[in-house]
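Enquirer: A predicted structure for the sequence below; I have some questions about it.
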Amino acid sequence: MEVKEQAQGRLDLDSIREKLSGQGGKRYWRSLEQVADTPEFQNWLEDEFPHRRSLLEIDRRSMLKVMGASIALAGLAGCRGPFLDQDKAVPYVKQPEEVVPGKPLFYASAMPVCGYGVGVLVEQHEGRPTKIEGNPDHPEALGASSAAMQASILSMYDPDRMQNVLQGTDISTWEEFGKVLKKALADQKATKGAGIRILTETVASPLMASALNDLLAEYPSATWHSWDPVNRDSVRMGAKAAYGKVVGTTYDFKSAKVVVSLDSDFLVTGPGSLRYSRDFMDGRRLEVTGGEMNRLYQFESFPTLTGTGADHRWAMKSSEIGSIAAYIANGLGISADGRPTPVDSGVLDKVIADLQANAGASIVVPGDDQPAAVHALCHAINEKLGNNDKTVFHGPRVDYGPEDQLSSIRQLADALKAKKVDLLLILGGNPVYDAPADLDFANLLVSAKLSVHHSAYFDETSKVCTWSLPQSHYLEEWGDVKAYDGTVSLIQPIIAPLFESKSHVEVLREFVGDARSGFDLLRSAYGSTLSGKAFDIALNAGIIANSTPKSVAISVTGSFPSLPAPVEGVEVIFREDPNLFDGRYANSGWLQELPKALSKITWDNAIHVSPKMAQSLGVQSEDEVILELNGATAKSGVWVMPGHPDDVVTILLGSGRTVGGTIAVGAGFNAYPMRRSESLSWSGGGKLTKGKGTFPLSSVQIHHSMEGRDIVRSGTLEEWRKDPTLTPENKHHLPDVSMYPDNVFNYDGPQWGMTIDLNTCIGCGACVTACQAENNIPVVGKDQVKRGRELHWIRIDRYYVGGPDQPEETVNQPVMCVHCEKAPCEPVCPVGATVHSHEGLNQMVYNRCVGTRYCSNNCPYKVRRFNYLNYVDNQDQFMVKEFDHPSPGIPMTDKKVIIPGKVTSEKTHGRSMLKMAQNPDVTMRGRGIMEKCTYCVQRINDTRIEAKKQGRDIKDGEIVVACQQACSTGAIVFGNVADKDSKVSKMRADKRSYLLLEELNTRPRTSYLGRVRNPNPEITA
Amino acid sequence: MAREPLNEYLITGEQTYASLDNTIGSMVLDGKRHKKNWYMTLGVAFMVMNLFLVSVAWLLYQGIGVWGNNVPTAWAFDIINFVWWIGIGHAGTLISAILLLVRQNWRNSINRFAEAMTLFAVMCAAQYPLLHTGRPWVAAYWLMPYPNIMGLWPQFRSPLIWDVFAVTTYALVSILFWFVGLIPDLATLRDKATNKVPKMIFGILSLGWRGSMKHWHRYEQAYLLLAGLSTPLVLSVHTIVSYDFAMSIVPGWNVTVFPPYFVAGAVFAGFAMVLLLAIPVRHIYGLKDMITDKHIDWMCKIMLATGLIVFYGYILEIFYAYYSANSVEIALAEWRFFGPYSWAYWSLIACNGIIPQVLWAPRMRRSLPVIMFVCVAISYGMWLERFVIIPMSLTRNYLPASDRMYYPTIVDFVMFMGTIGLFFFLMWLFIRFLPVINMFEMKDLLFKQNLERRAKEEAKEEVGAH
């Protein structure tokens, strides 16, 4: 029987009656809609997430609120997502296998970081991924993670992500796009795809490479371009110059006794850095090596964390680094065009002697920002020192696509200029924002007849393209990716795509008419190599066993390209942002608020200069300066950075976005307009002038010296051998006398404690973000950070030792609640909201806290954090004012369009998406509540429950706290200090172990281990 | 220039009991004595008080993030203002209780006034401990020991709890003391009132006072007992307030001299405020015969004495820092001298340490403009003292990396202004509706003074007769 339909899907009651009356026997019906069986109802039934569409109607205002907060809270409410907006909790009718409500599951996957994969373990609560950890089986991660990896969970739930297919600025569908694409491809058939151009980022995914190759096979005249603004061209081209082909070079820092780094920040940035930092620190763990230490000589420009971890550090212009490489090469008997070096040759000779003394156990590692010539020289040096196959390994090339990305994007620009591009597919990336300024990419792009941007965000490039396609997050897609050493990991989705998004591979396959799902594509790609169970095993492990390519013995053949000339006058260095990278993570509140290494600036990028240069310019930190370079001007705050080379200005890429999300837009200034293709790493001709007044940068640290106090203990290896406690000379030891018997904590059972080894801590900040992810710590925004109200439970204190120009030492010290046994915060709380547990934890009872903040005043470590405002719900204070940052031109034509529109209900608010990222095991803190590090009490309790169930004690190392888990160098150890055999007890018993502010008699449970450096005794100063 | 002698007696002019009653009582009963000025002042105070209400509403809506407080500076204007107001209140109690016990008759003309000031200052102060908490709606009763099913009590080791008890006791005793002292005067007003409504109100408030011998006896006993109760409070309240700081381990707070130094500071600030109010009021309402130059002179001397104690406290703080050789304390002392807030420190030294020294000169103690200026300087200086102690100490820490600057917001200032508005609003209502000077004690004083005068005259006559 046909049911008549009325306009707009309204129910026709007559026809319903008619329909019901026509039934024989009993028929149960639930709603009139069901009986009417309208197409709307069918759609609603079939749609897995029927309320998803209303998500599109988040209005701009709420979006701003939400994104400003980046994180909203909700304790138990976190268990419900926007797609499960029923108020009732319904138990599973049929228990899914493995799922125990309240118990997380962990899945192995891999996160592509600038192309290269890092293995992750994803914590998933009832289908909702909540936390990223490093995959212990992955060669790079080894269980550790970086801040960017930690923050990727937030990016997935980012309501600013592109949620729909957009034609121009109008909402469309994949089907519509399919039709357009089909027509465009049909036109290209005749010319074998001569008008097709594909622009990717660095590709290290075999699956994607094969999809691209298949496409190129079908359209042989099509071209594949690659562009990453912070790319590894020099690495590839350096290898090519040295060996005649591109190789994948990896280092074994564990076996290296002497490392010379030429502007390389190998501990923190670049593929393999997690592994490298662990390996490098393995050579410095005095308690393991028995007093032996490797030695790092750092020649660098902009101060990096690797430089602060070095035993010797020399600051110089980036363009002068090459001369050091040439000098070392010449010293070893390799002919290179020598140049005057900024470092005294006597000193360099001693470095060379040290290298030679450790031939076969040394590494000379060049930075990615250094030109190919330096890389080629380093290859020759390492070969000459006999390091190849001992500490330096060369395997086949890991990534795919054009070797020289700069010339690749230039070719694309030329083709666009010549109007030869009919169909341009941009997979990821944001070339309009980050392509070299001289290419004028934004204007060229318009000449492409059909330009398609497949991207996670509607950004500067999407705005110019004719079609914008939403890209799946790596937690939503099937795929694969290679690690820095070539090991292949499989990427598996942990959640179904939140929006109508597809992966790069799925989009590429559409070009060749292959409509298979991501899973089928992956499965068939590994059909032969991983048949049957092997695929599941690989999926489970997160890596494909034995996929690491063997290293090959090769030797340097070619001649070296000449070194670029040093810059006369002021040199401007472009560096990727330590947190935001090239700008790809700019919309992550966690990464924006993570204090940048050394400068501790949040939400902004400064113009960095040396103290001397600042003096001659007559400015101090946070004064406004104007930088003119290559026809572009930038105005920002100046940051006077000790250890910065003179006559050099460093600016960070990745800020100053104009489109691409609420958080990204308006934070910092854009450095790309100054960056031209001939000077991607550095440029001469910059002019820095003093601006008007000040420019607050929201740095979280105002004092930078230890002021002679015993805060970070450090010394040289020799000093350590003389006095392994590294006690400063002026330290008075007070006798430990008390009127009371000292059995306050004389309980049976475990006593929790922590050690932080400052010798292996590199200050990268991964722990800060890991803690933020684990403990649901809200982002507070730039203004609140400026006021001093950031909520991070861990802060990394940075102190300079010695003169301001070139400090002798720069130390990093993570400080979180040290869980004093005699905690000063406890007796002053008028309501007893902070109390001690029998296991030695200093606990906050959030429910009891009335917020007098006396505990914070009385905390000598100042690790307590206060919710001055409702950072979680009431987000007005984060509002980006429209007149401050003119609207980036996000489509306004359709009411249903992505960002603007009406809020239809609280549940479709973007905030409820961010709620899904919350850890359900951790209580959210509202306004007026004090909070602080809990030693991850939720993890302790989890483990205790498991141990109790099994009727045993908690094993040593069974509890891993979030910061410890993220730490790539294993600087943080947590465990039972009452157990004398536990690792933490042994670390505490180490002579280097000391208690911070011991003289206050607070008796912290966290102890620090002093920092030991190993400078070359022959080199002074 | 020859020094003009001070008045010999505490009540000047030709006064009779009736004239005293009239001068003081008519301020309440005769509306015409309050000119346009009263209405204007009250109106301004009312408007400023509304600022307070607005800022409190905003505070409750948004949270205390509307202030400039941060970590490490978790206490700032909130506690500064609390301590400042509490301190101002102290002079009232000192005048009423201690001076009563030591039989200082000159207090009779200023005690009512000072007690009212105490009360209103405590009311202003009491806003802060509650409103400064993150969750005032629970702090309002969780800080009180009330029996509950969870067996939860306040934490009695916390100085903040001592504070709660100290301040509530203080407020309670002050109200009782003030009211008991008012009863005979209220009865006088009841008897003198011609209108029905005031007559009825004063009738109820005077609690059936008939002035019988028995009544006077009971009254004197009760008043003396209350004075005895209040006396320790003068010392204890500010001592306990100072414990909020002295009991902590914060550099700059953990100082043993705080209790006496705070008490002296409180009396210092309190007398400055009494003078600031008394001088214009006695001028406007013609009370110069009752609040005489002698009163002002003596109050100045008390300020001078307490000011020196306070100044001694400042010197001791510096001494402690250097004598202890504690690098953290020394760094804080130098932060005060040379740091970004050094202007506050040096203004404090100028206002509290140097400017009050002009009061050594008797001539200055008679010049009302000079006294007014000194009193304003002291009030400002005492506020700065708390600024120096509270937020300035907190900005400097044991770990230099946790140092952060503190900047107040507009709401901080508005709220402080608002409490000043509240204070003056209440004060002006008091002037209008209650006798500002204790009438019966003045009459008592006049009686004694007349006796004394007569005795002197008789002695003179006797001398003359011989």
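Expert: Received, thanks. Since this is a predicted model, take the numbers as computed values, not measurements.

Enquirer: Report all helices and strands that the helix or strand harbouring A:W314 contacts.
Expert: Secondary structure assigned from DSSP states H and E places A:W314 in strand A:312-315. Strand A:312-315 sits against strand A:295-300, with contacts defined as 3 or more C-beta pairs under 8 Å, 6 or more residues apart in numbering or on different chains; DSSP states H and E. Placement of C-beta: from N, CA and C, glycine included.

Enquirer: Quick one: distance of the strand holding A:W314 to the chain centre.
Expert: In terms of C-alpha atoms, centre = their mean, to the nearest Å, the centre of strand A:312-315 is found 27 Å from the chain centre.

Enquirer: Over to stretch A:446-465?
Expert: Centroid displacement of stretch A:446-465 relative to its chain, using C-alpha atoms, centre = their mean, is 25 Å.

Enquirer: Ok, stretch B:388-402 next?
Expert: Put simply, stretch B:388-402 sits 29 Å off its chain's centre (C-alpha atoms, centre = their mean).

Enquirer: cool, stretch A:464-471 as well?
Expert: Centre-to-centre, stretch A:464-471 and its host chain are 25 Å apart (C-alpha atoms, centre = their mean).

Enquirer: Ok, stretch A:152-167 next?
Expert: Using C-alpha atoms, centre = their mean, the offset of stretch A:152-167 from its chain centre is 17 Å.

Enquirer: before we move on, what about stretch B:131-140?
Expert: Between the centre of stretch B:131-140 and the centre of its chain there are 25 Å (C-alpha atoms, centre = their mean).

Enquirer: where does chain B dip in pLDDT?
Expert: The model of chain B has pLDDT under 70 over residues B:1-5, B:464-466.

Enquirer: Indicate the residue of the stretch 851-1000 of chain A located nearest to chain B.
Expert: Ranked by C-beta to the nearest C-beta, the top residue of the stretch 851-1000 of chain A for proximity to chain B is A:G851, at 1.9 Å.

Enquirer: As a check, name the ranges of all strands in the stretch 701-850 of chain A.
Expert: A:714-716, A:752-757, A:795-801, A:809-815, A:834-836, A:842-844 (DSSP state E, counting those that start in this stretch).

Enquirer: Return the most buried member of these.
Expert: strand A:752-757 (a mean of 26; mean count of other C-beta atoms under 10 Å in any protein chain shown).

Enquirer: what's the nearest residue to A:G333 if we skip its chain neighbours?
Expert: Distances taken as C-beta to C-beta, 6 or more residues apart in numbering or on different chains put A:K384 closest to A:G333, at 6.9 Å, once the chain neighbours are dropped.

Enquirer: returning to what we had before: the residue of the stretch 851-1000 of chain A closest to chain B in helix, strand or coil?
Expert: Assigned state for A:G851: coil (three-state reduction, DSSP: H, G, I helix; E, B strand; the rest coil).

Enquirer: measure the residue nearest to A:G333 to A:G331 for me?
Expert: A:K384 sits 10 Å away from A:G331, going by C-beta to C-beta, to the nearest Å.

Enquirer: Same question for A:Q356.
Expert: For A:Q356, the distance to A:G331 - C-beta to C-beta - is 9 Å.

Enquirer: who's more crowded, those two?
Expert: Legend: neighbour count by other C-beta atoms under 10 Å in any protein chain shown for A:Q356 and A:G331, higher for A:G331 (20 against 14).

Enquirer: Now do the same contact list for the more buried one.
Expert: Counting by C-beta atoms under 8 Å, 6 or more residues apart in numbering or on different chains, A:G331 makes contact with A:348-349, A:352.

Enquirer: could I get these as TSV with pLDDT and neighbour count?
Expert: Formatted as TSV, the contacts of A:G331 follow (pLDDT from 0 to 100; neighbours: other C-beta atoms under 10 Å in any protein chain shown):
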residue	pLDDT	neighbour count
A:L348	93	22
A:D349	93	14
A:I352	94	20
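
Enquirer: May I ask which helix or strand encompasses the residue in the stretch 201-350 of chain B positioned nearest to chain A?
Expert: Using C-beta to the nearest C-beta, the single residue of the stretch 201-350 of chain B nearest to chain A is B:S248, 4.7 Å away. B:S248 belongs to no helix or strand when assigned by DSSP H and E.

Enquirer: number of nearby residues for it?
Expert: For B:S248, using other C-beta under 10 Å, the count is 21.

Enquirer: likewise A:G102?
Expert: A:G102, neighbours per other C-beta under 10 Å, totals 11.

Enquirer: How about A:Q615?
Expert: 14.

Enquirer: Who are the packing partners of the helix or strand containing it?
Expert: Using DSSP H and E, A:Q615 falls within helix A:611-617. Where contact means 3+ C-beta pairs under 8 Å, 6+ apart, helix A:611-617 is packed against strand A:632-640, strand A:687-694.

Enquirer: List of residues touching that helix?
Expert: The contact list for helix A:611-617, computed with C-beta under 8 Å, 6+ apart, reads A:609, A:620-621, A:625, A:638, A:640-642, A:644, A:646-649, A:688-690, A:804-805.

Enquirer: Quick check, the residue of the stretch 201-350 of chain B closest to chain A in contact with A:C825.
Expert: No: counting by C-beta atoms under 8 Å, B:S248 does not reach A:C825; the two are 10.2 Å apart.

Enquirer: where along the stretch 101-250 of chain A do the strands fall?
Expert: Using DSSP E, counting those that start in this stretch, strands in the stretch 101-250 of chain A cover A:105-113, A:116-125, A:128-134, A:165-167, A:170-172, A:196-200, A:223-226, A:247-251.
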